[in-house]
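Visitor: generate coordinates for the sequence data below:
(chains A, B, C and D)
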There are 2 protein chains.
Amino acid sequence: MASRAKATIFDIAREAGVSKSTVSLVLQGSGLIRPETTSKVRKAIEDVGYVYNRGAANLRKAHSNVIGMVINDLTNPFFAELAVGMERVFQSAGIVPFIANTAENPVRQEEVLKSLMEQGVAGLIVSPARGTTPGAFRRIETAGVPVVFAMRRLPESRIPVIAPDNHRGAYLAAAHLVGKGHRRLAFFGGSSDLVVYHERLGGFREACETLGIAARDILIVEGETSRKGGIACLETALAMAEPPTAALCFNDAVAFGAMLALRKRGLEPGADFAVVGFDDVVEAEHYMPALTSVAVDSAGLGERAAHVMLKMIQSRTTRAEDHIGAVNLVVRESCGPDRRTRNRPAGSGGAA
Amino acid sequence: MASRAKATIFDIAREAGVSKSTVSLVLQGSGLIRPETTSKVRKAIEDVGYVYNRGAANLRKAHSNVIGMVINDLTNPFFAELAVGMERVFQSAGIVPFIANTAENPVRQEEVLKSLMEQGVAGLIVSPARGTTPGAFRRIETAGVPVVFAMRRLPESRIPVIAPDNHRGAYLAAAHLVGKGHRRLAFFGGSSDLVVYHERLGGFREACETLGIAARDILIVEGETSRKGGIACLETALAMAEPPTAALCFNDAVAFGAMLALRKRGLEPGADFAVVGFDDVVEAEHYMPALTSVAVDSAGLGERAAHVMLKMIQSRTTRAEDHIGAVNLVVRESCGPDRRTRNRPAGSGGAA
DNA sequence: TTGATTTATTGGAACGTTCCATTTATAGGC
DNA sequence: GCCTATAAATGGAACGTTCCAATAAATCAA
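Guide: So this is what the prediction gives:
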């Protein structure tokens, strides 16, 4: 069917008996061309099996229409949702975002960013890999390509950030636990090379302090942000002389791990030890027991990030406001009933 | 710092006092250039903040180095794993694959494919959206771009397929249930517009027939391939006059839904009703009860698909062999103990 | 009719690279 | 020193578009 060499606008032009310029105009949907000519060209396009060469076009045009999404862990359903939210708004803008996975590896991230830049992306939405150096984006900034960070921020960077209110989320969760009567609290998982970690831990600490929990009654256990990490954290915690009775987990995966470990020890999550997660992934609702967690609306944050990006491209700026998304604690069963029912009414705590 | 207009090889050439051709050679790592010259050029590249323009290069070069991965549902952890497997092998080949999500929407898929083609991809790995028309890839085939299907196939297509042995997987699972003493079996979830559905259902049917289950004792309930679908299927099944006592589910999500629905009715998955999943996603192991499921090694299939693609590109062909990946049943707790322990020994069934 | 105005169409240069055919510099053999 | 062989560097054309300025055709006012 199609000739071996790929067809160009010249082939179309010959086929339709017009000039290459006319074809180009038709391709761009210019209203300057006579309707009959347009349809003649359209037909020729079909006949020769033409595929538009965006690379060639971008050589002349200033702006490309591709946007890169760089995600640190596609396996985490949480990030997949973020991606889905972004795609929703880009789609309606006629843009197809390209997603690339860095697998939490800064070196890989470097490669991915380089490749995306070479491809001539119009903008980059990035959830930076752990351990990203502050200078990793200097190159891109000086090239004038707009970047927004989603979910995570870098220590000393002026790049706009779209993220949930981690501090408040953790505060709410900790307050919930204290409200349930717990007096010895733990924070499970995460590590201090993540800004998010400090934000969440900060909210947790503030709540403890405000609500009169003594510093010696709070236990911080760093660990992997996975089920495995959660298991390890719980083991560590229960090995203490005076173990905590409740834990706020860095994320839901850690919480799932902690619950699993409890079960293995014959303890019932909720009744014997309260656990709260963070992120509220879909599985949280379906776990046994259903996990109380801080909902962050990741798809919504994805949409927001995409909108900010679109605006930046439009106004050809590389600056934008940060956006901190609202969070809310969704209370399920993993914290069990109140510990001291005589003191406070049942059903305290956050929104559903 | 960087000049406003983006730097080109000419800027580098001026800076380094060489010709553009020399710069090009350095960029390509040609050994023809004197080491001192090379480092002089390298320095200039840094100084002017150069970023390579792959679009311009592809204009002359025959082949691009981007590969598109088109996935029907990124939210499904199963596909995320597939993607991760592919990335692993592409990375070592110095290729950055771009992932795009079609959200199971053929129209969206069309857009995505078009965009990827315009970008000049060297190849496409696709898990086609449900309802993809047989002609959807004709355009791409005639353009001579290699395509491989992963996980799913299209009814009448000559495009190579990398997929698990669905028939055998379903056979193993059904045989396991029969071996446990079940005599009234159901197949939950999926719909007949998916080739995979027919493959899995076929294996299920063959096992039933071979092992002497009467046709009137098997129940097929189509439904969404999600938790919600699983819940619906179970409700339908238990509403029957003579309900089944076990179900093979189209995938793990459906199985999780079915188990959830059982619990809601006060029934214990495993003891009261056996359920087997398909795919063996990571959550399967951590569920309560842990889900017996057919493991398909999705990351492995992703790697395989990537290898096939690489080979196709290398040998500039658009044809390749199908590859059917081995499956194995991993037995956990969701089918409970044997129904008729007097007849057969405990611990029958597949590998771990 | 003629010139002015509007509407359609067109040729040419430019975009940033690669690659071939040359030229220029360096080294080797005598 | 001179010729040849090799190594290193270079200029020019080409890749497939866009866009501007220019042309050609059609319409209008007088």
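Visitor: give the contact list for the residue in the stretch 51-200 of chain A positioned nearest to DNA strand C.
Guide: Residue nearest to DNA strand C within the stretch 51-200 of chain A (Cβ to the nearest atom of the strand): residue A:59, separated by 3.4 Å. For the C-beta atoms, the positions are set from N, CA and C on the backbone; glycine is no exception. With contacts defined as Cβ atoms under 8 Å, 6 or more residues apart in numbering or on different chains, residue A:59 is in contact with B:53, B:55-56, B:59.
Visitor: and what of residue A:150?
Guide: When contacts are counted by Cβ under 8 Å, 6+ apart, residue A:150 touches A:82, A:86, A:125-127, A:161-163, A:301-302, A:305.
Visitor: pLDDT weak spots in chain A?
Guide: Residue ranges of chain A with pLDDT under 70: A:1-4, A:339-352.
Visitor: for it, what spans make up the strands?
Guide: Applying DSSP state E to chain A gives strands spanning A:66-71, A:96-101, A:123-126, A:147-150, A:161-164, A:185-188, A:218-221, A:246-249, A:274-279, A:292-295, A:323-325, A:328-330.
Visitor: just checking: what are the partner strands of the fourth one?
Guide: Applying DSSP bridges, strand A:147-150 is found paired with strand A:123-126 (parallel), strand A:161-164 (parallel).
Visitor: centre of the chain to the first one, how far?
Guide: Using Cα atoms, centre = their mean, to the nearest Å, the distance from the centre of strand A:123-126 to the centre of the chain it belongs to is 12 Å.
Visitor: list of residues touching that strand?
Guide: If you take Cβ under 8 Å, 6+ apart as the criterion, strand A:123-126 is touched by A:67-70, A:86, A:97, A:113, A:116, A:137, A:140, A:145-150, A:305-306, A:309, A:312-313.
Visitor: same check, this time on the last one
Guide: The contact list for strand A:161-164, computed with Cβ under 8 Å, 6+ apart, reads A:148-153, A:196, A:296-297, A:301, A:304-305, A:308, A:322-327.
Visitor: and residue A:45, how close does it get to residue A:21?
Guide: 15 Å (Cβ to Cβ, to the nearest Å).
Visitor: name the residue in these two with the higher neighbour count.
Guide: Neighbours around residue A:45 and residue A:21, counted as other Cβ atoms under 10 Å in any protein chain shown, are more numerous at residue A:45. The numbers are 21 against 10.
Visitor: hmm, residue A:11 and that one touching each other?
Guide: No: using Cβ atoms under 8 Å, residue A:45 makes no contact with residue A:11, being 9.5 Å away.
Visitor: and the contacts of strand A:161-164, which are buried?
Guide: Among the contacts of strand A:161-164, those buried by neighbour count (16 or more other Cβ atoms under 10 Å in any protein chain shown) are A:148-153, A:196, A:296-297, A:301, A:304-305, A:308, A:323, A:325, A:327.
Visitor: near DNA strand C, from the contacts of strand A:123-126?
Guide: Applying Cβ under 7 Å from any atom of the strand to the contacts of strand A:123-126, one finds that nothing falls near DNA strand C.
Visitor: which ones are touching the closest residue to chain B within chain A?
Guide: Going by Cβ to the nearest Cβ, chain B is nearest to residue A:55 of chain A, at 3.3 Å. Residue A:55 is in contact with B:54-56, B:58-59, B:64, B:119-120, counting by Cβ under 8 Å, 6+ apart.
Visitor: tell me the spatial nearest neighbour of it, not counting adjacent residues.
Guide: Excluding the flanking residues, the one nearest residue A:55 by Cβ to Cβ, 6 or more residues apart in numbering or on different chains is residue B:55, at 3.3 Å.
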